[in-house]
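Asks: Structure for the following, please:
(one chain, ligands or ions: 1)
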Amino acid sequence: MTQTQKFPGLGLDPIQRFLRDGYLVLPQCFEPHQIEQLRTELTPIFAAKPNNPNGAKYVEDLFCEFPQFNWILSHPPLVGALRSLLGPDYLYIHELSAHQEHWAPWHKDTTSQEKLGHSYHWDPRFLMLNVGIYFQDRSDDGGGMELVPLSHILPDLHIPHGDVNPYQINVVSPDTRVGDVLLFHVRISHRAIPKRRELPRPKQAIYLTCSVNNELARTYTEHTVVRKEYTVGHDWHPELRALESQQPWGLA
Ligand SMILES: O=C(O)CCC(=O)C(=O)O
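Replies: As a prediction, this is how the structure comes out:
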């Protein structure tokens, strides 16, 4: 079986939509029962993590300590879509984590680099995206994301505006259901749908950062020194390294 047969890719239309709009939903990339299983496995792991001042819990060592989650990174529909957008040998960046009760304000995922004066994320060869795997349906009370289409090609206006949407462009909030995946360019402006009431179960999600395999991915990875929580003391799990050797993608 060829890699293309093993990892069915996207058609031209979704690829063009991602490049134009800066985001794309992969409907039912995972089976809802797979997400329910992930929730069951992750809930005690979250419970063992300290509370953050904002009430959120983070598992930044998901793919360093817990090999039972490795299958997510080699899930054929996800790998096929990422190969279509980022090339056959794309990279997972060392910034893969699970969040519970996290409600991000307006930002680009490159705003912290921009604040530090970096500009490599505007290099035409730079192409990185975030994979949002939600454990609940989107709702107006919270649970999904709001994005500004096209903002991945517009300057970062979040500095120093803080938690407002500074773009005069309509916001979209994709109607993601359990099992759907939201792919978004790391330069797109976005925020979590604000929490307006308690959800039936804690909001949970997994985020995976991925890149075209080029030196800018390595530049970004070096930048993660400002996000020490992801890398310091956390090496990829040896079983994940073994899996990498059998897969088309790599670990940055
Ligand atoms: O809080 C959320 O669910 C959004 C997370 C987010 O914006 C991010 O990881 O960049």
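Asks: got the contact list for Gln113?
Replies: By Cβ atoms under 8 Å, 6 or more residues apart in numbering, the residues touching Gln113 are 120-121, 220, 223. Every residue, glycine included, has its C-beta placed from N, CA and C.
Asks: mind redoing it with 6 Å?
Replies: 121, 223 (Cβ atoms under 6 Å, 6 or more residues apart in numbering).
Asks: Repeat that for His158.
Replies: By Cβ under 6 Å, 6+ apart, the neighbours of His158 are 107, 111.
Asks: how close does it sit to the ligand?
Replies: 12 Å (Cβ to the nearest ligand atom, to the nearest Å).
Asks: What of Tyr207?
Replies: 5 Å.
Asks: swap in Phe30?
Replies: As judged by Cβ to the nearest ligand atom, Phe30 and the ligand stand 17 Å apart.
Asks: That residue reaches Gly179, doesn't it?
Replies: Yes: Phe30 is within contact range of Gly179, at 4.8 Å (criterion: Cβ atoms under 6 Å).
Asks: Now the phi/psi pair for Leu82, please.
Replies: Backbone dihedrals for Leu82, given as degrees, to the nearest 10, come out at phi -70, psi -40.
Asks: residue contacts, it?
Replies: Applying Cβ under 6 Å, 6+ apart to Leu82 gives the contacts 90, 210.
Asks: Not counting sequence-adjacent ones, nearest residue to Trp236?
Replies: Nearest residue to Trp236, sequence neighbours excluded (Cβ to Cβ, 6 or more residues apart in numbering): Leu251, at 5.3 Å.
Asks: Next, the contact list for the one you found, please.
Replies: Counting by Cβ under 6 Å, 6+ apart, Leu251 touches 92, 236, 244.
Asks: Which ones among those residues lie within helices?
Replies: In this view, the contacts of Leu251 that belong to helices under DSSP state H are Glu244.
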